[in-house]
Every structure is written in structure tokens, then in C-alpha cells.
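J.: compute the structure for the input listed below.
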Amino acid sequence: MSVIVKICGITNPADALIAAEAGADVIGFVFYPSSPRCVSLETAAKVNRELPPFVMRAGVFVDAPEDFVWNAIRECRLNLLQFHGNESPEDCVKFGIMSMKAFRVKDSASLEGMTEYITDAWLLDAFAADRAGGTGATFNWDLAREAQRHGRPIFLAGGLTPENVADAIRKVQPFGVDVSSGVEASPGRKDPAKVKAFVAAAKAA
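T.: Numbers count the residues shown, from 1 in each chain. Predicted coordinates for the structure are as follows:
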């Protein structure tokens, strides 16, 4: 089975369709106001209507109110919830659909507490003191291999590009890879050539 590819930070129907046609398995909507890739529920719902049914829809949240998450699930028909904030283990699994918790990895200590989260998967991203994600920076992939020993599917994120994703997959052998800035022409706008190259490289690795 090839690695699952998630294209995150989708803000418009054209980019969503490019990702789907390239072979992406999951597209991600960011519902975090501080992100340059943040979209409204109305925009995400509009994009959702343009997508083929076989593509999963993920919502990215950072300490969002519970009612907002419920509204996003309903209005945008999300299949997967991705939590990037200080959500408790209980907060991440109470919505009745698949979920994953993101961890910002700086060193081995960053992996402590992961096993408290019984989400369907864990996402590992690069640490930045001033951002909850989307840094465009890589981290020590040996730590991702260490995290896999805890038995949950791993999504690898942080600084992935069409040029390095195959190496990352060969080294870490993650369940999935997640990219946003690495396939952009500008924040919130995807580069079609980069999206296609990323998916092709990931699937071939």
C-alpha cells in the first residue's frame, strides 16, 4: 500500500481539484484564524461540493470551541479532524469521526505524552515557538521513527517538498505525509506543478 498523501491549506475549489486529480488522498481545510491559509466554513463547504467523493476532507483546528468543530463537521462533511492546539486527549476523540493529534517536534521530550492520545493517528510537525504549524521547516526524522514505536499511524509533516518527500518516506516509512507550504505558489495558493510532483514522488517512494 502506498503512503497516504494529504494536501493541506486548501482555500479554493481550483486547488482542491488539482490535488484530487493529482492523486491526493486527503485535502485539508485550516480553521485557525491566525493562519494565512484559514478559510471560513462557507468557503470550505463550497470547496467540498466540488470534490469527488473518494477524497477525504480534513479540518485543522487549534483550540477551537466545541460547537465550531461540530458545525465544521456538519457543514463541510469532514471525515477527519486534526488538532494542533492544547486539546486534551478526551477533546480529540469525542466527535465520533476519525481524528489525529499533531505534535510539534523539537527533541525526544516532544514525544512525551503522545501515548495519552488514542486518536486514529498522530501528526508530527516541526516545532516553532510562534506558530502552531505550517512552518515550512523540517525536523529530525529519526524522532519520527522513534515515535512509530508507540504503535499509532504517523503522518509526517514539516518542510516536505517534491524534492525531499521520497527521501523522507524511505527513511521514516510513515503511514502518511502532509504538505502545505511546500507545494504553494504563495500562502494559500497551490502551485499545480508542485502538487503533481509531490504526489507522484510520494506515491512512487
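J.: list the neighbouring strands of the strand of greatest length in the chain plus their orientation.
T.: Longest strand in the chain, counting residues (DSSP state E): strand 98-105. In the sheet, strand 98-105 lines up against strand 80-83 (parallel), strand 121-126 (parallel) (DSSP bridges).
J.: past the longest one, which element shows up next along the chain?
T.: What that stands for is strand 121-126. Heading C-terminal from strand 121-126, the first helix or strand you meet, by DSSP states H and E, is helix 141-148.
J.: may I have that following helix as PDB, with CA atoms only?
T.: C-alpha atoms of helix 141-148 as PDB (Å, rounded to 0.1, in the frame of the first residue of the first chain):
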ATOM      1  CA  TRP A 141      13.300  12.400  11.100                       C
ATOM      2  CA  ASP A 142      14.900  10.000  13.500                       C
ATOM      3  CA  LEU A 143      12.500  11.200  16.100                       C
ATOM      4  CA  ALA A 144       9.600  10.300  13.800                       C
ATOM      5  CA  ARG A 145      11.000   6.800  13.600                       C
ATOM      6  CA  GLU A 146      11.200   6.800  17.400                       C
ATOM      7  CA  ALA A 147       7.500   7.800  17.600                       C
ATOM      8  CA  GLN A 148       6.400   4.900  15.500                       C
END
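J.: buried set for that helix?
T.: For helix 141-148, the buried set under the neighbour-count rule, 16 or more other Cβ atoms under 10 Å, comprises W141, L143, A144, A147, Q148. Where C-beta positions appear, they are placed from N, C-alpha and C, glycine not excepted.
J.: quick one, helices of this protein?
T.: Along the chain, counting by DSSP state H, helices occupy 13-22, 41-50, 66-76, 141-148, 165-172, 192-204.
J.: what mean pLDDT does the fifth one have?
T.: Yep, that's helix 165-172 we're talking about. The average pLDDT for helix 165-172 rounds to 94.
J.: name the surrounding residues that touch that helix.
T.: 3, 141, 144-145, 148, 154, 156, 160, 174, 177, 179, 182, 198, 201-202, 204-205 (Cβ atoms under 8 Å, 6 or more residues apart in numbering).
J.: list the buried ones in that helix?
T.: Buried, per 16+ other Cβ under 10 Å, within helix 165-172: V165, A166, A168, I169, V172.
J.: elements contacting the helix or strand of the chain with the lowest mean pLDDT?
T.: Sorting the helices and strands of the chain by mean pLDDT, DSSP states H and E puts helix 141-148 at the bottom, at a mean of 83. Packing contacts for helix 141-148, counted by 3 or more Cβ pairs under 8 Å, 6 or more residues apart in numbering; DSSP states H and E, involve strand 98-105, strand 121-126, strand 154-156, helix 165-172.
J.: lovely, talk soon.
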